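Enquirer: sequence first, then the predicted structure, then my questions.
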Amino acid sequence: MVITDAGLLKGRDPVEACRRAAAGGASMIQVRLKDAPPGEIVALARALVGALGVPVIVNDRVDIALAAGAAGAHLGQEDPPLDRLRPHVPPGFLLGVPLGADGFGRLAQLAPAGTPVIGIGGVTAANAPALVRAGAAGVAVIGAVWGARDPAAATRELRAAIA
């Protein structure tokens with residue numbers, strides 16, 4: 001999973017940048033625009049849903065994810081809890097929650113069969129293999145891709161590291 005970040009995209013077109021990340025092997029994109037107005041977030045999410053062949057999720061905003069036709073949403077510490085939201089979203093709608101490094105391995109072991117557990121938070125090609133060994137189905141990244149000169153090459157490097 002590659003996460004958008006306006007500051008790290010440095011003026012690049014986010015749809016084109018995410019196309020390149022997907023071409024490099026990203027299997028999911030998360031729309032994360034912390035300070036953007038809702039209209040801007042939904043517009044980008046809709047554009048990405050229409051442009052990409054990989055699932056798109058929205059950070060912190062289940063309402064925007066639903067409005068944009070996204071595959072799901074990532075819930076932060078300040079968002080409503082998973083158990084309150086689950087009954088109000090369609091079947092198959094993805095809801096991710098942050099746990100921190102301490103809880104990751106335990107969750108990976110406790111997750112029901114078929115439930116993907118994704119490692120997130122400071123993930124690089126160097127530390128991604130350890131997350132996979134702990135049970136991660138994949139990783140979510142921001143700086144490792146958007147801070148690179150070549151996002152497609154950075155994504156390929158991450159994929160190779162977790163293969």
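Expert: Now that the structure is in, tell me what you want to look at.

Enquirer: can we go C-alpha only for contacts and neighbour counts from here?
Expert: Will do.

Enquirer: please, which helix or strand holds the residue nearest to the spatial centre of the chain?
Expert: For the chain, Gln30 is the residue whose C-alpha lies nearest the centre (Cα atoms, centre = their mean; 3.7 Å). Using DSSP states H and E, Gln30 sits in strand 29-31.

Enquirer: list the buried residues of the helix or strand following that strand.
Expert: For strand 29-31, the succeeding helix or strand toward the C-terminus, using DSSP H and E, is helix 38-51. By neighbour count with 16 or more other Cα atoms under 10 Å, helix 38-51 contains the buried residues Ile41, Val42, Leu44, Ala45, Arg46, Leu48, Val49.

Enquirer: wouldn't the fourth one be in contact with Val31 here?
Expert: Yes. In terms of Cα atoms under 8 Å, Ala45 counts as a neighbour of Val31; the distance is 6.4 Å.

Enquirer: mutual contacts of the two, please.
Expert: Val56, Ile57, Val58 (Cα atoms under 8 Å, 6 or more residues apart in numbering).

Enquirer: now do the buried residues in stretch 112-120.
Expert: Val117, Ile118, Gly119, Ile120.

Enquirer: which one of those is nearest to Pro98?
Expert: Ile120 (7.8 Å; Cα to Cα).

Enquirer: which strand residues bridge that closest one?
Expert: Residues in a beta bridge with Ile120, per DSSP bridges, are Ala140.

Enquirer: what are the buried residues along the worst-scoring helix or strand of the chain on mean pLDDT?
Expert: Counting by mean pLDDT, DSSP states H and E, the weakest-scoring helix or strand in the chain turns out to be helix 101-110, with a mean of 74. Within helix 101-110, the residues scored as buried using 16+ other Cα under 10 Å are Phe104, Gly105, Ala108.

Enquirer: what's the answer for stretch 116-136, then?
Expert: In stretch 116-136, counting by 16+ other Cα under 10 Å, buried: 117-120, 123-125, 128-129, 131-132, 134-136.
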